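> here is my input, please return the structure:
(one chain, ligands or ions: 1)
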Amino acid sequence: MGAIVEKREKLVSETLKDPTVGDNADAYTSLDLGVWKVLLARENVARGFGVSMDRWNTVTAAYPLLLRFLKEVYALDPQMVILFILLKLWGSVESVLLLYVSSRLLQVIEVGLAEGRPDVHAITQAIVARLILTLTATTNWMRDFTCPVLESRVSRYFEDYLLRANLRLDLPTSTDSSSKSQARPGDAWRSFDGLCEVAQRVFALVSQLAFISQQASGGLAFTLVAVVRPVWTLTMHRTLWLKPHVVYSENTAYLRAQSLQSMSASRYRADVIAGNIAGWITSEYRRARDALGTVSEEDAWSQYGMERTPVSKIASEWTGELPTLYWALNAMLRPAKFSMSSIAILQQYSASLNYSLQMLFWDVSEVGKCVTDIKILYETANIKNQIADGDAVYPRASADVSESQGMDIELQNVSFAYPGEKSKESALRDVSFYIPAGALAVIVGANGSGKSTIIKLLRRMYDADSGVVHVDGLPIADYRLADLRQAQATLTQDHELYPLTLGENIGLGYAEHVDDEEMVMQAARDGGAAALLDKFTDGMKTNLKPVMTAYGYQLDDEKHKSLKTVLGKLEKTAEVSGGEKQRLVASRTFMRFRTGKIKLLSVDEPSSALDPTGEFELFERLRETGEGKTMIFVTHRFGHLTKHADIIICMKEGKVAESGTHKELIALGGEYASLYNVQAQAFTESEVISESNSEDSEEY
Ligand SMILES: Nc1ncnc2c1ncn2[C@@H]1O[C@H](COP(=O)(O)OP(=O)(O)OP(=O)(O)O)[C@@H](O)[C@H]1O
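Numbers count the residues shown, from 1 in each chain. Take a look at the predicted model:
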């Protein structure tokens, strides 16, 4: 863990010093906030009353985005939005009305007491006040109904927006943390509600100030004195949200404790139980906690907001006392103009203003977060994909190979390192080879030698750092991505099962025909998954991993047996074995073949969990189906495939060690021959297959 932290420190300081990164390291301030480190872009404009122009600029720059956001939310349901805002604003109106009623009440009581006659006005005022409270209860009740309806409309709209924005991201972009979107659909509603809340607070404060400034007991001077505190507090408020910053932790003990804590997740459970390491995890966790001591883990944003000295807080409290001081001084200096009721009324005004100010301050401190969340939300749709689209149509009408069913592939001096790769060596180094259209190529080599990476470059999951991948004579980057991918079928062990039905898991190989049960069934037969579909009562309609919606709380083992049984049944999902998963994924690939557009089939070790018969049948069917198309198989197993291969590319440490046919490579006696011999030894009488007699020995 210490090494990780050292590396992280080094990485940060080297990146900031790196002139190619573009920024200047001096432009950042590094802050330590508990377990967090914050790299904060330095503000370059002079500060006045704690407010920087940068902060103001950020808010004004966000204005068009805010306007767009509010317009979009309004368009979702104008009537509901208006009702929601009116109900919110009622809170502000109500506070002014209550101020008015209670000040009138005090005055009338005072007059009544002085004159000693029945106080009809006071009784009327009290009834009106009660009516206001009834209205408040009704508006609160109405808000309980409007709020969830509007919330779900806003959330659904932005869920849809984010789904589209995220699904269009390519692999390097979506895994790159600097461009990965942190937006969540729930942020949209929180931001809208937060902004409405601030609007309500501002409206409440302005109405109170307007009302008080008109009153004989208040007046303009009192109102001005009352606004000193909010102006002071808002200008002194520290927020990170409106500043460009990076937050990370390099606290060894904290990171260690977090890692150990995460080992309670269900994906580690089997290993933790089998390895009997629960005790070790707990004691290591406690040790990490002890080492952490009292260092604060509170989030960096809250810690940044905390004042380093009490000066600002003291000043804020004092400015809050100014209204009291004002009327106290007035009462002493001009006693004739003051009565007990006017003093009580001023006190009420002060208390009410103070409350509104505090609430406003509380909500305004969240505005920065709302603005940032809205910005992140919209920026998700503008994240630029790292894999640029080409404009050439594939297959090319003019290409010599266009008539062929296969794809003509040539790699010329291709080098590639994964983005942010920590390995000392690149995944591919100066790789060159040629696979003619319609050929069967097999890529072999040790673990980590770059075999799968070649397949990923052909699918344009990534682009080469240098060198060129040619497809049908043109650089691969020139083609339209959608055309290129449409012409390829891949089968790897990285494919996942979708949380959808078994039928959809297969049918999505050809999305346009996902509901064609006949076609899906045929693909299932080809991929060896037909028996699996028969196994489940719901067959193709079986939902594999439905999203969990069953929850049970406060259930007693004895008293609530039937409820627990219901819950158990609801929680049960359909399970498939590793081999069955591979059969389903293979069936999806066969479904893809039915598009009739496939020119390249890449198969990357998809059979690790298949039984020998299953594996043999799968490869045979793939070879039959792919007949005439270019086929690339990545494998560790030597046998039928290598025997039939038109070309074998043997990889070693990111380079092509050698290439040729099986016979040629065995005759060469190099890397391929030695890999082959290791496997052949297990099946032959003689320990080593010599180069000379190897020609007929590939069957094992
Ligand atoms: N997503 C990734 N990010 C960073 N490095 C990666 C990534 N995938 C692979 N690598 C690294 O690239 C190198 C080549 O990996 P690749 O998967 O191409 O090897 P392989 O020959 O297919 O290995 P295997 O036989 O184990 O499947 C390895 O050193 C690996 O650690």
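> doesn't Leu610 fall inside a strand?
No. Per DSSP: H, G, I helix; E, B strand; the rest coil, Leu610 lies outside any strand segment and is coil.
> what sits against it?
Neighbour list for Leu610: 528, 579, 582-583, 618 [criterion: CB atoms under 8 Å, 6 or more residues apart in numbering]. The C-beta positions use only the backbone N, C-alpha and C, and glycine is treated the same way.
> could you do Tyr498 as well?
504-505, 508, 544.
> before we move on, back to that, and which of the contacts of Leu610 is nearest Glu425?
In terms of CB to CB, no member of the contacts of Leu610 lies closer to Glu425 than Gln582, at 30.4 Å.
> can you give me the buried ones in the strand or helix carrying the closest one?
If you go by DSSP states H and E, Gln582 is part of helix 578-593. Residues of helix 578-593 classed as buried: 579-593 (neighbour count, 16 or more other CB atoms under 10 Å).
> and stretch 481-488, by the same measure?
Neighbour-count burial for stretch 481-488 [16+ other CB under 10 Å]: 481, 483-484, 487-488.
> who are the contact partners of the most centrally placed residue in the chain?
Nearest to the geometric centre of the chain sits Gln182, at 4.5 Å (CA atoms, centre = their mean). Counting by CB under 8 Å, 6+ apart, Gln182 touches Ile376.
> for Thr319, same thing?
Contacts of Thr319 by CB under 8 Å, 6+ apart are 228-229, 232-233.
> what is the nearest of the residues you listed to Thr146?
Thr146 lies nearest to Thr233 out of the contacts of Thr319, by CB to CB, at 31.7 Å.
> thought Arg396 was touching Arg480?
No. Between Arg396 and Arg480 there is no contact, the gap being 11.0 Å when judged by CB atoms under 8 Å.
> neighbour-wise, which of these two wins?
Per other CB atoms under 10 Å, whichever of Arg396 and Arg480 has more neighbours is Arg396, with 17 against 14.
> surely Ile443 is within a strand?
Yes. Per three-state DSSP, Ile443 lies within a strand segment.
> now do the helices in the stretch 601-700 of the chain.
Using DSSP state H, counting those that start in this stretch, the helices of the stretch 601-700 of the chain run over 612-625, 640-644, 662-668, 671-681.
> tabulate the contacts of Tyr498 (CSV), appending pLDDT.
CSV is the format used below for these (pLDDT from 0 to 100):
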residue, pLDDT
Glu504, 92
Asn505, 91
Leu508, 92
Leu544, 75
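> is it possible to export the residues you listed to JSON lines including distance to the ligand, neighbour count and secondary structure?
Formatted as JSON lines, the contacts of Tyr498 follow (distance: CB to the nearest ligand atom, whole Å; neighbours: other CB atoms under 10 Å; DSSP: H, G, I helix; E, B strand; the rest coil):
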{"residue": "Glu504", "distance to the ligand": "27", "neighbour count": "19", "secondary structure": "helix"}
{"residue": "Asn505", "distance to the ligand": "24", "neighbour count": "29", "secondary structure": "helix"}
{"residue": "Leu508", "distance to the ligand": "23", "neighbour count": "16", "secondary structure": "helix"}
{"residue": "Leu544", "distance to the ligand": "26", "neighbour count": "19", "secondary structure": "coil"}
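> longest helix of the protein?
The longest helix of the chain (DSSP state H) is helix 120-167.
> the very next helix or strand once past that helix near the ligand anywhere?
Of the helices and strands lying after helix 120-167 in sequence (DSSP H and E), the nearest is helix 171-175. No. Helix 171-175 does not reach the ligand (CB under 6 Å from any ligand atom); its nearest approach is 7.4 Å.
> for PyMOL, what selects the buried ones among the contacts of Thr319?
Typed into PyMOL, the line below selects the buried ones among the contacts of Thr319, using 16+ other CB under 10 Å:
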select buried, resi 229+232+233
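> just name the lowest-scoring one in the contacts of Thr319, pLDDT-wise.
Across those, the bottom pLDDT score, 75, is held by Thr233.
> make sure it is actually in contact with Met359.
No. The pair Thr233 / Met359 is not scored as a contact, 12.0 Å apart, by CB under 8 Å.
> for burial, what's the neighbour tally of the residue in the stretch 51-200 of the chain that the ligand sits nearest to?
Residue nearest to the ligand within the stretch 51-200 of the chain: Thr175 (7.4 Å; CB to the nearest ligand atom). A total of 14 residues lie near Thr175 under the criterion other CB under 10 Å.
> ditto for Ile374
When neighbours are counted by other CB under 10 Å, Ile374 registers 23.
> element containing it, please.
helix 340-379.
> coming back round to it: out of the buried residues of helix 578-593, who's nearest the ligand?
The ligand has its nearest neighbour among the buried residues of helix 578-593 in Gln582, at 15.2 Å by CB to the nearest ligand atom.
> just the local confidence number for that closest one, please.
87.
> swap in Met519?
At Met519, the model reports a pLDDT of 95.
> wait, it sits on Met591?
Yes. With contact defined as CB under 8 Å, Met519 counts as touching Met591 (7.0 Å).
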